[in-house]
Each structure stands twice: as structure tokens, then as C-alpha cells.
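*Asks:* missing the sequence, but the structure's below:
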């Protein structure tokens, strides 16, 4: 059989062309991610000046380079399958040995691995299986752990009420077993859920209760103090907020928890911004940037800082600085294949273009929506994009289209049962009619 050689093309392929060609299925997810990551590391200054509204879809890559790195994608698939199979076999062997607690933890280990990879549907299946097994045990600790894992996952997926129910069940078990550490963890989970729903009083009550249980557990003390500091800020009690955040910062510093330090600095920056202390905010955010781990880079933490800094520049009307920081975040998100964060990057770019009155900025919102729909769907984030897209269209004078986008955002939120989020959209709709 004669092999017909394929001549190498002289032009590169656009990312949007490649992603349109490759089916959005789980088996091809690593390859689709590799397509995106191949665009990282390019000099952006040259093309941002000529194409200021360029998104990831318009970047180019060479499919031959993709072939050369295909082994990396295959290695990733093999590593994932090996990890999950190892956990599954560990669970089977544990059950055979009569150690069901260990079997539950093996299933949770697999779920945590999938959760970290933002494969939420798969993580949910592992956690549910772990919980169903844990419910059969006399030892309640595995069940508490499974419920907290499930609660955190449901909250991350946007199902806040489901997450709260899981944390409440875990708390009831922990209190019945006099397990203070798990009780504190469940209280923190409940506080986080209510904080996400802007229910400040309820969140404060849960964080305070958790602090009573945490006692000598310093990591939990730090996280709960941080939560209470954020609540005090939302309530306008800046003296209490400063004290709580300082306590959290001292705790994380003593533990050597750099991620905790960075999160606390971001919270402090938000509080300083609410007080109009611009120079202090910049100082907090820049310190957070300097405290990011260098050797073991945490892309999500870095993206959190860079986008917060970009939002600050936007609020200060320092649009070139806002764009520069957002483009840096774009490079990080592309390099580490952080699709949801890349959608957030383009959401901010769209806001910048709206402030500039650039009607072509719609491309950023469209790209963000595409990213929300690819891979693991991010419906709540997509709703946020549509809500901001509506503001953009209103600025451009298209109130009918703005109204349609708000209606779409409200429709996306329906499955989550988040009345507070829908109420905010209703307020936006009402303002459009004024």
C-alpha cells in the first residue's frame, strides 16, 4: 500500500477552526486543551496593537507542533486512568478485607482528583458512590467526610442549596459524634454557601459557630477568621474586619500557608477599596502578587490576584493598566488550560471595551460564552457573562438586546434556585425600563 505524503501547509490554523473541528467530548478534552496551550508564550505586544479585540479563538497554532506534543496528551490520559483505576482497585481490595472505611476514602480520593481537574460530573459520581457506602458504616467519620466533599462540589457547581444540605447533614453527624474538627469544617462550608448568597448574618453565625468548634485547629481558625473578616467588611464594621483579617494573616503566616496569606491580602484589598484607600489597595494586591509561590506555581491563585488587580484598575479608570493586567492573566489561563478563568478574563476585557465605547468589544463576551459551554458547562458563570453583556449592549444603546441577554441570564439560573441572583437580574431589567 502506497503512503501519500502530506505536504506541510505554509499557514497556521486558527484555534477556533480547530476547536470547531474537534468534537467536544471527554476523550478529546486533553487534545483540545493542548491546542489552546500551544498558543501560549507568544509575544502579545505585536498583535494587541494591531488587533486589540483578539481572543484565544483568533490565535494560531501549527498542527504539526500538536502532533509532536501528542505524546504529552496521551501521557496525561494514561496517568488519569491509572490514578482512577488504582483508587477503584484499592476500594475493591478494602471491601474484600472488610475495611469499608478505607474503601470509602479510596472512592473519595478519586472524586477529589476529578474535582481538581474540573470534571465535576465525574467527581459527583465518585462522591455519591462513596457516600452510599459510607451510610452503611457504624463509623460515621467517612460519611461526614463524604458529605463535606459533596457539599463543596455542589457549591462549586453552583447548586448552593444542595451544598448547604450536604454540609448540614455532615454537621448533624459531627455534633452527634462530638467530632469538633468535622463540625468546624461543616460550619465553614455552610458559611461559605451563605456568603455566596450574600446572606451576611447567616454566614457570620456559621463562621462564629465553626470558630468555637475549631479551637486549636489553626488552619480552620485561619479560614474562619478570614470569613468573619469578610463578613465584617460587608457589614461596614471596618474595625472588626481589620482585626479579623489581621488574625487570619498572622495564622497563615505562622503556618507557612502562602495561599492563605494571598487570599487574606485580597480580602484586605477589597475592604480598603470600600473605604476609598486606593494606595493601600494597590499595596495589598501587589503584595499578594509578590507572595505567589514561585517554584510550585498555582495558576488559579495567580489568576485570582491578577484579575482582582485588573478590576481595580478598571474602577480607577486606568484602562491601559487594566488591559495589560488582564492580558497577563489571559496568558496564564491559556498556558495552564484554565478554561473558566479564561472566560472571566474575557468578561473583564468586554467591560474594558464597554468603558471605552468600543462596540467591537462584543467579541470578548461571545468568546466567554463559548468557553462557558465547552467541556464541563459553567452555567452560573455563563449567566454572569450574559448579565455583563447586557450592560455592554445598554451602553451601546441597544436596550432590546440588553433585555434579551438579561432574560437569558435569568433562564440559566433557574435550575440553581438562587432567588437572590435572580432578584439582581430583575433589578437590572427594571432599570432598563426607566
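*Replies:* Great, that's in hand. These figures come from a predicted structure and were not determined experimentally.
*Asks:* Flag the shaky bits of this protein, pLDDT-wise.
*Replies:* Within the chain, the segments meeting pLDDT under 70 span 1-11, 40-50.
*Asks:* Apply 50 and report the result again.
*Replies:* 1-10, 46-47 (pLDDT under 50).
*Asks:* Check it for its longest helix and report it.
*Replies:* Counting residues, the longest helix in the chain under DSSP state H turns out to be helix 70-96.
*Asks:* Spatially, and excluding backbone neighbours, which residue is closest to residue 241.
*Replies:* The shortest distance from residue 241 to any non-neighbouring residue, by Cβ to Cβ, 6 or more residues apart in numbering, is to residue 232 (3.7 Å). In this view, the C-beta of every residue, glycine as well, is placed from N, C-alpha and C.
*Asks:* Now the helix or strand hosting that neighbour: buried residues?
*Replies:* Assigned by DSSP states H and E, residue 232 falls within helix 218-234. Of the residues in helix 218-234, 220-234 count as buried by neighbour count, 16 or more other Cβ atoms under 10 Å.
*Asks:* helices or strands up against the helix or strand containing residue 283?
*Replies:* Assigned by DSSP H and E, residue 283 belongs to helix 278-290. Here helix 278-290 touches helix 258-274, helix 299-315, going by 3 or more Cβ pairs under 8 Å, 6 or more residues apart in numbering; DSSP states H and E.
*Asks:* Kindly calculate the angle that that helix makes with helix 299-315.
*Replies:* 160 degrees (axes from the mean of the first three to the mean of the last three Cα atoms, to 10 degrees).
*Asks:* For helix 278-290, give me every contacting residue.
*Replies:* 261-262, 265-266, 268-269, 272-273, 305-306, 308-309, 312, 316 (Cβ atoms under 8 Å, 6 or more residues apart in numbering).
*Asks:* returning to that earlier point: give me the helices and strands touching the longest helix of the chain, please.
*Replies:* In terms of contacts (3+ Cβ pairs under 8 Å, 6+ apart), helix 70-96 is packed against helix 29-37, helix 100-116.
*Asks:* Quick one: distance of the shortest one to the chain centre.
*Replies:* By that I understand helix 29-37. In terms of Cα atoms, centre = their mean, to the nearest Å, the centre of helix 29-37 is set 19 Å apart from its chain centre.
*Asks:* which strands and helices sit next to it?
*Replies:* Looks like helix 29-37 contacts helix 15-21, helix 63-68, helix 70-96, helix 319-335 (3+ Cβ pairs under 8 Å, 6+ apart).
*Asks:* For these, give me CSV that also has distance to residue 424 and mean neighbour count.
*Replies:* Formatted as CSV, the helices and strands packed on helix 29-37 follow (distance: least, Cβ to Cβ, whole Å; neighbours: other Cβ atoms under 10 Å):
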stretch, distance to residue 424, mean neighbour count
helix 15-21, 32, 16
helix 63-68, 42, 12
helix 70-96, 38, 14
helix 319-335, 24, 20
